[in-house]
Every structure is written in C-alpha cells, then in structure tokens.
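Colleague: Any chance you could fold what I've pasted below:
(one chain, ligands or ions: 1)
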Amino acid sequence: MNVLIVGAGGQIGTELVPHLQKIYGEDNIIAADLRPEVVSRLSGGSRAIMLDALDMKAYTEVVKENKINRIYNLVALLSATGEKNPLLAWNINMGALLNSLEIAKEFNCSVFTPSSIGAFGKDTPHVKTPQDTVMRPNTMYGVCKVSGELLSDYYYSRYGVDTRSVRFPGIISNGCLPGGGTTDYAVEVFYEVLKSGEYTCPIPENTYMDMLYMPDALNACTQLMDADPSKLVHRNSFNVTAMSFSPKELFSSIEKRVNGAKFKYEIDPVKDQISSSWPDSLDDSCAREEWGWKPVWDMESMVDDMLTAIAAKLK
Ligand code: SER
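Modeller: Prediction:
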C-alpha cells in the first residue's frame, strides 16, 4: 500500500499521518501540504513534501513516481471560512477533488474525500437524519460536499474508481486546531478554559450537533477504505457519529471537572445560521451494517481525555 495524503497539515491529516504509518509502515506514507512550515512540522519521521493539489502536473508526478495506490484528499476550506469567500472555497474544494479523481482514474488509486454534516441543510430532517435524505445545503462548503459526493459516486459507476467516504460531524482533537469551522467551539473551549478559566461561545447554548473524537475519526478513515467492497451498498458518503450535544451540555461536563470555569455566549450570526441548518443527530446505521462502524468514545470519556491531553500540552 502506497498512500498519499494531500492537505495533510490540517486537523485530520496531522493525526491521520501517524495513524496510517502505524498500520501500513512509515515508508509507505507520503504527507503533502502546500505550506512550507507545515511540511517541516510533518516531516518528523514521515515523508513530507510540498505539493499544491490544484497543480495537476505536480500532483500527477508525485503519484506516478511513488506508485501511489490510495489517496486521502483532505484539502478543504471549512464552513465559516467558506462563507467569507465562497468562490475561493469552490475553487479549492472542488479543484482538489477533481484532480484527485482524475489522477485516481489514470493510476488506479482508491480515493477517500471526507464529506460532512455540512452536506445537509435546513430542509433535512434534523433528528436521526437518515443516510438517504434531502440534501439542500445552505453554505458553499455544503454545496461542495454534496457535489463531491455526487462526483465521487460518478467516478465509481462510470470509471470504476474505488471512491469511498464518510460524512464527518465535528471532530474533536488535541493535535492540531481546526480552523474556520462551525463545530470548532467544541475544541477551542478546552484550550480557553485551561488557559484562562473562561470561554465565550459563538453558538447558541441549545444547538445540537454531532461530534466524533479523533481516534474514532481515524478508525473511520482506515476501516472504510479497508472494508470488503462487496458489502458496500453506499459509497459516497456514509453518516457517522458518536455523540450529539449542545454547548450547554458540553460546558456542564467541563464545569464538573474544572473548578470555577465560566462560560458566556456571544453569538456569531454566520455560525448560528450554519449550525441551526445542520442535523441535531445522525442515523449512522448504514455505516454500522455495511462496514462495521462502531465508535468507542462518548462525551464524558472524550472530555476526560481532552482535559488531560491539553493540560499536558499547555505545560
Ligand atoms: N467541522 C466542519 C465545519 O464546522 C464540519 O464538517 O465546518
């Protein structure tokens, strides 16, 4: 297995690189990112290279030279950033995906491109959102995610490219901060509370969104790609979730462990609109049935682990 991760320096890639190294061996993983400072951070123990996934020629060379047969395409602007510059979000998110699919077709690679709860919109049923349902997102990020799911399925049925993906909810982690997402509050709060004892939340206290702790997210990335293809009824993309909570519920769990922690709300209208258009909870039974998805972290165990890890990091 020769694996290339493009957009490897983001929240998911930073932890997916070592996870893949453990499974497939260090020498078989190439981590690529556009930013030189990120490439030097990644290169500790891995083969890290500078690559702009929008540069088709350079991207093709890397795949050809290294005999890549699996691509994790993690290049994306997230939802809130996407609303600041929708055209840029479209160009980056779709440009990287189309290049990945075309290259995969030519060099016979499998491709994983995360989709998101952002693929749903205000007309989607919000509780236990089904696998197959209304998908009319209200953000450019979501428009890209739905288009990406359709394109990935198209490349599978038309050209036989082995495309698979999941609709990630908010991912909580302590490796690298997310940036520009609507679910970021659920990561930021841990740093702020441990640094200053306070956190000001941009999302209304009773807005529910699905979340995953990073170890479960990483397992989703590898388990789905290694799954028996004859069992897959769906491909792009599977609902996956491990927990659904509101800011109020998360903060009360943190308060129990951090004496005197204080929480305030200053609602960001863009994030408010986005978060209220997304599901409150997903039905992930298709992922469970078709490839054995089974998350292990719930909110309480995640909060314990995040507080320990971030306290150690801040020291
Ligand atoms: N975490 C992403 C965001 O908030 C959702 O996929 O934009």
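
Colleague: what helix or strand does the closest residue to the ligand within the chain sit in?
Modeller: Proximity of the chain to the ligand (C-beta to the nearest ligand atom) peaks at Gly181, 2.8 Å away. The C-beta positions use only the backbone N, C-alpha and C, and glycine is treated the same way. Assigned by DSSP states H and E, Gly181 belongs to neither a helix nor a strand.

Colleague: residues contacting it?
Modeller: Counting by C-beta atoms under 8 Å, 6 or more residues apart in numbering, Gly181 touches Leu78, Ser79, Ala80, Thr81, Gly170.

Colleague: Tell me who's in contact with Cys109.
Modeller: With C-beta under 8 Å, 6+ apart, Cys109 has these contacts: Val63, Ile68, Asn69, Arg70, Ile71, Ile103, Val161, Asp162.

Colleague: before we move on, back to that, any idea of the pLDDT on the residue of the chain closest to the ligand?
Modeller: Looking at Gly181, its pLDDT stands at 94.

Colleague: Chain neighbours aside, what residue packs nearest to the residue located most distally from the centre of the chain?
Modeller: Centroid-distance maximum for the chain: Gly260 at 32.2 Å, with C-alpha atoms, centre = their mean. The shortest distance from Gly260 to any non-neighbouring residue, by C-beta to C-beta, 6 or more residues apart in numbering, is to Gly197 (6.1 Å).

Colleague: What's the local residue count around the one you found?
Modeller: Per other C-beta atoms under 10 Å, the neighbour tally for Gly197 reads 12.

Colleague: Likewise for Leu151?
Modeller: Neighbour tally, Leu151, other C-beta under 10 Å: 18.

Colleague: who touches it in this structure?
Modeller: Leu97, Leu98, Leu101.

Colleague: if we go to 10 Å?
Modeller: Met94, Leu97, Leu98, Ser100, Leu101, Thr113, Thr163, Asn236 (C-beta atoms under 10 Å, 6 or more residues apart in numbering).

Colleague: now Val75
Modeller: Taking C-beta under 10 Å, 6+ apart as the criterion, Val75 is in contact with 5-8, 10, 13, 32-34, 51-54, 92-93, 95-97, 99-100, 113.

Colleague: which stretches of the stretch 51-200 of the chain form strands?
Modeller: Using DSSP state E, counting those that start in this stretch, the strands of the stretch 51-200 of the chain run over residues 70-73, 110-112, 115-116, 163-164, 166-168, 170-172, 198-201.

Colleague: who does the last one touch, helix- and strand-wise?
Modeller: Counting contacts by 3 or more C-beta pairs under 10 Å, 6 or more residues apart in numbering; DSSP states H and E, strand 198-201 packs against helix 185-196, helix 247-255, strand 262-265.

Colleague: Columns mean neighbour count on top of these, output as a markdown table?
Modeller: Formatted as a markdown table, the helices and strands packed on strand 198-201 follow (neighbours: other C-beta atoms under 10 Å):
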| stretch | mean neighbour count |
| --- | --- |
| helix 185-196 | 19 |
| helix 247-255 | 18 |
| strand 262-265 | 14 |
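
Colleague: Present the ones you listed as CSV; the columns should include distance to Asn219 and mean pLDDT.
Modeller: Converted to CSV, these look like this (distance: least, C-beta to C-beta, whole Å; pLDDT from 0 to 100):
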stretch, distance to Asn219, mean pLDDT
helix 185-196, 19, 97
helix 247-255, 22, 98
strand 262-265, 31, 98
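
Colleague: Output these as JSON lines; include the columns distance to the ligand.
Modeller: Shown next, in JSON lines, are the helices and strands packed on strand 198-201 (distance: least, C-beta to the nearest ligand atom, whole Å):
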{"stretch": "helix 185-196", "distance to the ligand": "9"}
{"stretch": "helix 247-255", "distance to the ligand": "14"}
{"stretch": "strand 262-265", "distance to the ligand": "18"}
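
Colleague: helix, strand or coil for the residue farthest from the centre of the chain?
Modeller: coil (DSSP: H, G, I helix; E, B strand; the rest coil).

Colleague: out of the contacts of Leu151, who's nearest Tyr213?
Modeller: Nearest to Tyr213 out of those is Thr113 (C-beta to C-beta; 21.4 Å).

Colleague: right, and that closest one touches Ala119 too?
Modeller: No - Thr113 is beyond contact range of Ala119, at 11.8 Å (criterion: C-beta atoms under 10 Å).

Colleague: ok so, going back, name the member of the contacts of Gly181 with the most neighbours.
Modeller: Ser79 (29 neighbours).

Colleague: Let me see the contact set for the closest residue to that one other than its chain neighbours.
Modeller: Spatial nearest neighbour of Ser79, excluding adjacent residues (C-beta to C-beta, 6+ apart): Tyr141 at 4.0 Å. For Tyr141, the contact set (C-beta under 10 Å, 6+ apart) comprises 76-83, 86, 89-90, 93, 116, 118-119, 180-182, 274.
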